[in-house]
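Undergrad: What follows is a predicted structure for the sequence shown.
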Amino acid sequence: MEPGTIVRGRFRVEPFATHGGMGTVYRAYDLETGAFVALKTVADDPRFAERFARETRLLSELTHPATVRFVDAGHHGSKPYLAMEWVSGCDLAEEIARGPMSLESALTLCTTIAEALGEAHGKGIVHRDIKPKNVMLSDGDVRRPRLTDFGIARVDAATRSLTQAGTAVGTPGFMAPEQVRSADRVDARADIFSLGCVLFACVTGRNPYAAESAFAALTRVVTEDPPRLSRVFQDVPPELEETCAILMSKDPSQRPASGDAAATLLRACAYALGDRLSLRFTPIASVGDGEQRFASAAFVKFDGGAEQPQASNADEATVLGPSFQLTDVIVQWVSGFGREPIVLGPTLVAISFAGATPASDLATQAVACALGLAERVPAVKVVVVTG
């Protein structure tokens, strides 16, 4: 839309605009209230229309002050729009890029976001894309965050048809392991994992699953244990490390069940830290021999489909196509090595080999497992990596 365009007789479009994966967000002046709004329009693509309608409906149901406020929705000609409050300031990713935050700031911010998620989870809404770029800081104040972008949110059962079975959506590096494997397994606890990743990033200035590509980030999430704060920073309070570990547990049953439960955990952590809330961490200079682990992984590519996630950047939203069903032959063969096959996409499976076993034995097992699958399942390609 051109600057000066009047939408529905109410919103005057300003020159500022930003583009996203599903559409465009304009800054607009609300002639009715005298305030600025963020005016979001959807791209001219039928694939996005139903999701945009769902985002509009879900946002209109949420009232928590830490969730970006719904203003209006309708159509400008044939193009649907969603008007939300305009949040002046920066997003959390920009704030983190300036350096680690104090524990007080990080815990206050994440507790507030957890409370906003608590309202959404109470209505059966799973956000599915919690990350620093989707948290705006009003006037740059970490005490006034706004949770944004419900574009790929889902309601537990009512909207399941909008995402194909086995399709994973989210942002690599912040998606929970079960979210990578299959959207059908995702519930509120996936948001809690992402919140734990945000907490880690706030206090360290680092994405816990930083990688050069979306695929590499996805692989790290499903094959590696969550990073421990004490392995990369000095003098980490045990209360904080345990809280972060619980939020980022690979096992969903070990995480808080909802945003409200996560907020309770975060408040308890802040209370336990007391006068240590002003702490900022010092990175450990190097990783000692006792902290290094040898690992191998086998990747098995099955014939057909696109094996790569659609996003090339680990910070972008990603959609993985429907994954195939693992056959008994695959599961039984891999389980014979004491491992579990991990579906990374519609045609790609990873098998991780890590642990206390001697390095040469792990590499040998990985090769034997991959070659055995190649013999038993037609039309596959295998690769083994070690390091």
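TA: That came in fine, so what should we check first? All values derive from a computational prediction rather than experimental measurement.
Undergrad: Moving C-terminal from the lowest-mean-pLDDT helix or strand in the chain, which element do we reach first?
TA: Of the helices and strands making up the chain, the lowest-confidence element is strand 318-320, at a mean of 57, by mean pLDDT, DSSP states H and E. Counting by DSSP states H and E, the next helix or strand C-terminal to strand 318-320 is helix 328-335.
Undergrad: helices and strands around that next one, which ones?
TA: Contacts defined by 3 or more Cβ pairs under 8 Å, 6 or more residues apart in numbering; DSSP states H and E place helix 328-335 against helix 359-376. To be clear about C-beta, it is placed using only N, CA and C from the backbone, and glycine gets the same treatment.
Undergrad: Now do the buried residues in the helix it packs on.
TA: Neighbour-count burial for helix 359-376 flags Leu362, Ala363, Gln365, Ala366, Val367, Cys369, Ala370, Gly372, Leu373 (criterion: 16 or more other Cβ atoms under 10 Å).
Undergrad: So what angle separates the directions of it and helix 328-335?
TA: Note on geometry: by axes from the mean of the first three to the mean of the last three Cα atoms, to 10 degrees, helix 359-376 and helix 328-335 are set 170 degrees apart in direction.
Undergrad: All the strands of the stretch 251-387 of the chain, in order from the start?
TA: For the stretch 251-387 of the chain, the strands defined by DSSP state E, counting those that start in this stretch occupy 282-283, 295-302, 318-320, 342-343, 348-354, 380-386.
Undergrad: Quick one: distance of the fourth one to the chain centre.
TA: It refers to strand 342-343. Mean-position distance between strand 342-343 and its chain equals 18 Å (Cα atoms, centre = their mean, to the nearest Å).
Undergrad: ok, now the last one?
TA: Strand 380-386 has its C-alpha centroid displaced from the chain centroid by 27 Å (Cα atoms, centre = their mean).
Undergrad: and what of the longest one?
TA: Going by Cα atoms, centre = their mean, the spacing between the C-alpha centre of strand 295-302 and its chain's C-alpha centre is 24 Å.
Undergrad: Other residues contacting that strand?
TA: Strand 295-302 is contacted from outside by 219, 223, 307, 324, 344, 347-354, 362-363, 365-367, 369-370, 373-374, 377, 379-387, using Cβ atoms under 8 Å, 6 or more residues apart in numbering.
Undergrad: ok, which stretches of the stretch 51-200 of the chain are strands?
TA: Remark: strands assigned in the stretch 51-200 of the chain by DSSP E, counting those that start in this stretch are 70-76, 79-85, 89-91, 125-126, 135-138, 145-147, 154-155, 168-170.
Undergrad: which parts of the second one are buried?
TA: Read that as strand 79-85. By neighbour count on 16+ other Cβ under 10 Å, the buried set for strand 79-85 is Pro80, Tyr81, Leu82, Ala83, Met84, Glu85.
Undergrad: Over to the third one?
TA: Residues of strand 89-91 classed as buried by neighbour count (16+ other Cβ under 10 Å): Gly89, Asp91.
Undergrad: And it, what does it pack against?
TA: So strand 89-91, by 3+ Cβ pairs under 8 Å, 6+ apart, packs with strand 135-138.
Undergrad: Poorly predicted segments of this structure, please.
TA: Counting by pLDDT under 70, the chain has low-confidence residues at 20-21, 156-168, 182-184, 285-293, 303-326, 345-346, 355-357.
Undergrad: can you pull out the helices in it?
TA: 46-61, 92-97, 103-122, 177-181, 188-204, 214-223, 229-232, 238-247, 259-273, 328-335, 359-376 (DSSP state H).
Undergrad: re earlier: find the pair from the buried residues of strand 79-85 with maximum spatial separation.
TA: Spatial extent of the buried residues of strand 79-85 (Cβ to Cβ) is set by the pair Pro80 and Glu85 at 18.6 Å.
Undergrad: what about the residue positioned nearest the centre of the chain, distance to Ala363?
TA: What sits nearest the mean C-alpha location of the chain, by Cα atoms, centre = their mean, is Phe174, with 3.1 Å. Per Cβ to Cβ, to the nearest Å, Phe174 is found 31 Å from Ala363.
Undergrad: just Phe52 next, same as before
TA: Where Ala363 is concerned, Phe52 sits at a distance of 48 Å (Cβ to Cβ).
Undergrad: Arg54 now?
TA: 47 Å.
Undergrad: And for Val180?
TA: Per Cβ to Cβ, Val180 is found 25 Å from Ala363.
Undergrad: And Phe337, by the same measure?
TA: To Ala363, Phe337 is 13 Å away according to Cβ to Cβ.
Undergrad: any residues in contact with both of those two?
TA: Residues within reach of Phe337 and of Ala363 at once, by Cβ under 8 Å, 6+ apart, are Phe353.
Undergrad: Quick one: closest of the strands of the stretch 51-200 of the chain to Arg27.
TA: Minimum separation from Arg27 across those (Cβ to Cβ) falls at strand 79-85, 11.1 Å.
Undergrad: Check whether Arg185 really touches Glu178, as I assumed.
TA: Yes. Using Cβ atoms under 8 Å, Arg185 is in contact with Glu178, at 4.4 Å.
Undergrad: re the thing from before, would you format the helices of the chain as CSV with distance to Ala73 included?
TA: Shown next, in CSV, are these (distance: least, Cβ to Cβ, whole Å):
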stretch, distance to Ala73
helix 46-61, 5
helix 92-97, 26
helix 103-122, 18
helix 177-181, 28
helix 188-204, 24
helix 214-223, 31
helix 229-232, 42
helix 238-247, 33
helix 259-273, 25
helix 328-335, 46
helix 359-376, 50
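Undergrad: Who are the contact partners of the residue nearest to Ser258 when sequence neighbours are not counted?
TA: Excluding its sequence neighbours, the residue lying closest to Ser258 (Cβ to Cβ, 6 or more residues apart in numbering) is His121, at 4.3 Å. His121 is in contact with Ala188, Asp191, Ser258, Gly259, Asp260, counting by Cβ under 8 Å, 6+ apart.
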